[in-house]
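>>> Need coordinates for the below:
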Amino acid sequence: MNPSLGRRPRVILVDDDPGLLRLLTLRLKSEGYDVAASESAAQAQTAIPRFQPDVVVTDLRMADVDGIGLLRELQRRYPALPVILMTAHGTIPDAVEATKSGAFAFLTKPVDKDQLLEQLQKALKVSGFAQAHEDWRDGIITRSPIMEDRLSKALQAASTDAPVLLSGQPGTGKEPLARAIHKASARREQPFLGLACTSIAGEDLAALLTESTGTLYLDEIADLDLQAQSSLAKLLESRSSGAGPRLVAASARDLSGAIAKGFFRENLYYRLGVVQIDLPPLAQRREDIPLLAAHFLAELARTDERHVFAPEAVELLMSAEWPGNGPQLFNLVRQAAALAVGPVISAEIVQQALGGSGAARVPTFDEAREEFTRIYLSQLLQITRGNVTQAARLARRNRTDFYKLLAKHDLSPESFKL
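You can find the predicted model right below:
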């Protein structure tokens, strides 16, 4: 265990044998792990968004859903989360099926303590935990399962030198995530350099790729002119692995659409997007709104004046549309704090700050279902790297119906291929 990490690694244990569950929990806690014990797959799935484990260790044979069923569900929802399977039935077919299903490791009962600890350490390295410093994600305020999934992927990417492509609406936190990746990487002691692609020439970019050693963040990569895009693609093709800075590029625009229209080079897209992370808009992570609002209030507070939102005001904030995402929420919090005559910011003040534009609106059931479907399809394509046959099989739909769903939600499998 490395005490410098600032928090202990988190493990969810899943087994329908209460005695074994208690024994393994005590063993792991004595080794410095935070442990959440679950007696069923359903209990484990409920605990994951709250506990945010680094590794899941689950029994293979359970009464409700077996370990492979849980593994497949976790792969769908949390593809970067390592899963270790245990079983008293250590047969070759079980081991083969577990391996084919993507299990990180396979242990037989009675579980040897040293073997379990060894596999946990290996799993933590894969998840990125072993490379993380305690402050790597300090600039990101969230308790959203969607964001935690993106952070898990970012932490895993940080342990490599692979280029990362961040997408998402303006104000969704692409630069803070790029900085977090840098802080969690082996280059954290080197400079982080952020550049706006509207103001960088091809020759300057070439010099930076030769001279820099840290992380180079290219904001709004779609704003590079075609000549600079071509130069960058050639430079990336010719440079040796690990040479020059780590590249993190970001775009609020649909790059696959820009490629189709001839505004962005396809070869550059694939070289930059070895790892692709799409950041959700604030409207898809509403559970973060109270946290962010409180954080912004604390940032704005003077030493002699502190504000809090009334519960009714928080409800208004959570039901509002946020097309401007985090910056829009920050501006509203600043305006509401300025309008407040006392320490409590009322719902009336929030409504006044929101204005009469009908900003507060809860999505209809049909809108929420359509948005869920789009996110679900995107996750399937991300997991299968754009393989429609595999994605349709995971969704248990035939390929024809699956293609129709993709067309309906304007999703292109090509944009998910590495």
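
>>> from here on, contacts and neighbour counts on C-alpha atoms
Will do.

>>> Let me see the ranges of the helices in the stretch 151-300 of the chain.
174-183, 202-211, 226-238, 255-260, 266-272, 289-300 (DSSP state H, counting those that start in this stretch).

>>> Select from those helices the stretch with the lowest mean pLDDT.
Across the helices of the stretch 151-300 of the chain, helix 202-211 has the smallest mean pLDDT, namely a mean of 80.

>>> Check what contacts that one and list those residues.
Q227, A228, Q229, S231, L232, L235, G244, P245 (CA atoms under 8 Å, 6 or more residues apart in numbering).

>>> got the CA coordinates for it in PDB?
Output in PDB follows, covering the C-alpha atoms of helix 202-211 (Å, rounded to 0.1, in the frame of the first residue of the first chain):
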ATOM      1  CA  GLY A 202       1.900  25.100 -37.900                       C
ATOM      2  CA  GLU A 203       5.600  25.900 -37.500                       C
ATOM      3  CA  ASP A 204       5.000  26.900 -33.800                       C
ATOM      4  CA  LEU A 205       3.200  23.700 -33.200                       C
ATOM      5  CA  ALA A 206       6.000  21.700 -34.700                       C
ATOM      6  CA  ALA A 207       8.500  23.400 -32.400                       C
ATOM      7  CA  LEU A 208       6.400  22.700 -29.300                       C
ATOM      8  CA  LEU A 209       6.100  19.000 -30.300                       C
ATOM      9  CA  THR A 210       9.900  18.900 -30.400                       C
ATOM     10  CA  GLU A 211      10.800  21.000 -27.400                       C
END
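
>>> Tell me how many other residues crowd L316.
If you count neighbours by other CA atoms under 10 Å, L316 ends up with 19.

>>> what helix or strand is it on?
helix 311-319 (DSSP states H and E).

>>> Show residues contacting the very next helix or strand once past that helix.
Using DSSP H and E, the next helix or strand after helix 311-319 towards the C-terminus is helix 325-339. Helix 325-339 has contacts (CA under 8 Å, 6+ apart) with 169-173, 281-283, 293, 296-297, 300, 307, 322, 345, 349-350, 353-354.

>>> Output stretch 282-294 as PDB, restricted to C-alpha atoms.
Extracted in PDB, the C-alpha atoms of stretch 282-294 (Å, rounded to 0.1, in the frame of the first residue of the first chain):
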ATOM      1  CA  LEU A 282     -24.700  19.700 -16.800                       C
ATOM      2  CA  ALA A 283     -28.200  18.700 -17.700                       C
ATOM      3  CA  GLN A 284     -27.100  15.100 -17.600                       C
ATOM      4  CA  ARG A 285     -25.400  15.300 -14.200                       C
ATOM      5  CA  ARG A 286     -28.100  17.200 -12.200                       C
ATOM      6  CA  GLU A 287     -26.900  15.600  -9.000                       C
ATOM      7  CA  ASP A 288     -23.800  17.800  -9.300                       C
ATOM      8  CA  ILE A 289     -25.700  21.100  -9.400                       C
ATOM      9  CA  PRO A 290     -26.000  21.500  -5.600                       C
ATOM     10  CA  LEU A 291     -22.300  20.600  -5.100                       C
ATOM     11  CA  LEU A 292     -21.300  23.100  -7.800                       C
ATOM     12  CA  ALA A 293     -23.500  25.800  -6.600                       C
ATOM     13  CA  ALA A 294     -22.100  25.500  -3.000                       C
END
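
>>> Now it: buried residues?
Buried residues in stretch 282-294, counted by 16 or more other CA atoms under 10 Å: L282, A283, Q284, R285, R286, D288, I289, P290, L292, A293, A294.

>>> and if you look at stretch 243-254?
G244, P245, R246, L247, V248, A249, A250, S251, A252, R253.

>>> roughly how far out does that stretch sit from the chain middle?
Relative to its chain's centre, stretch 243-254 lies at 16 Å (CA atoms, centre = their mean, to the nearest Å).

>>> Endpoints of that stretch, how far apart?
29 Å (CA to CA, to the nearest Å).

>>> avg pLDDT for that stretch?
Average pLDDT, stretch 243-254: 90.

>>> And the contacts of it?
Stretch 243-254 is contacted from outside by 161-170, 174-175, 178, 209-222, 272, using CA under 8 Å, 6+ apart.

>>> Could you find the closest non-adjacent residue to the residue nearest in space to the middle of the chain?
Centroid-nearest residue in the chain, with CA atoms, centre = their mean: R150, separated by 0.5 Å. Spatial nearest neighbour of R150, chain neighbours left out: I277 (6.5 Å); criterion: CA to CA, 6 or more residues apart in numbering.

>>> okay, now the one you found: neighbour count?
Counted with other CA under 10 Å, I277 comes out at 21.

>>> is it true that it touches G173?
No: I277 is not in contact with G173 according to CA atoms under 8 Å; the separation is 11.6 Å.

>>> Could you pull out the strands in the stretch 301-418 of the chain for me?
All strands of the stretch 301-418 of the chain, identified by DSSP state E, counting those that start in this stretch, fall at 308-309, 344-345.

>>> closest one to R265 among those?
Among the strands of the stretch 301-418 of the chain, strand 308-309 comes nearest to R265, with 47.3 Å by CA to CA.

>>> average model confidence for stretch 384-402?
pLDDT averaged over stretch 384-402 gives 85.

>>> which residues are contacting stretch 340-359?
With CA under 8 Å, 6+ apart, stretch 340-359 has contacts from 305-310, 312-314, 316-317, 320-322, 332, 335-337, 339, 360.

>>> Now the buried members of the residues you listed.
Here, 16+ other CA under 10 Å leaves 307-309, 313-314, 316-317, 320-322, 332, 335-337, 360 buried among the contacts of stretch 340-359.

>>> wait, which of those residues is closest to R10?
Of the buried ones among the contacts of stretch 340-359, the one sitting nearest to R10 (CA to CA) turns out to be V314, at 30.9 Å.

>>> so the closest one touches P290, yeah?
Yes: judged on CA under 8 Å, V314 makes contact with P290 at a distance of 6.4 Å.

>>> shouldn't R286 be in contact with E321?
No: between R286 and E321 no contact is recorded; they are 10.0 Å apart, counting by CA under 8 Å.

>>> picking up where we left off before, same list, the buried residues of stretch 282-294, but as JSON lines with distance to V388 please.
Output for the buried residues of stretch 282-294, formatted as JSON lines (distance: CA to CA, whole Å):
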{"residue": "L282", "distance to V388": "29"}
{"residue": "A283", "distance to V388": "28"}
{"residue": "Q284", "distance to V388": "25"}
{"residue": "R285", "distance to V388": "28"}
{"residue": "R286", "distance to V388": "31"}
{"residue": "D288", "distance to V388": "33"}
{"residue": "I289", "distance to V388": "35"}
{"residue": "P290", "distance to V388": "38"}
{"residue": "L292", "distance to V388": "37"}
{"residue": "A293", "distance to V388": "40"}
{"residue": "A294", "distance to V388": "42"}
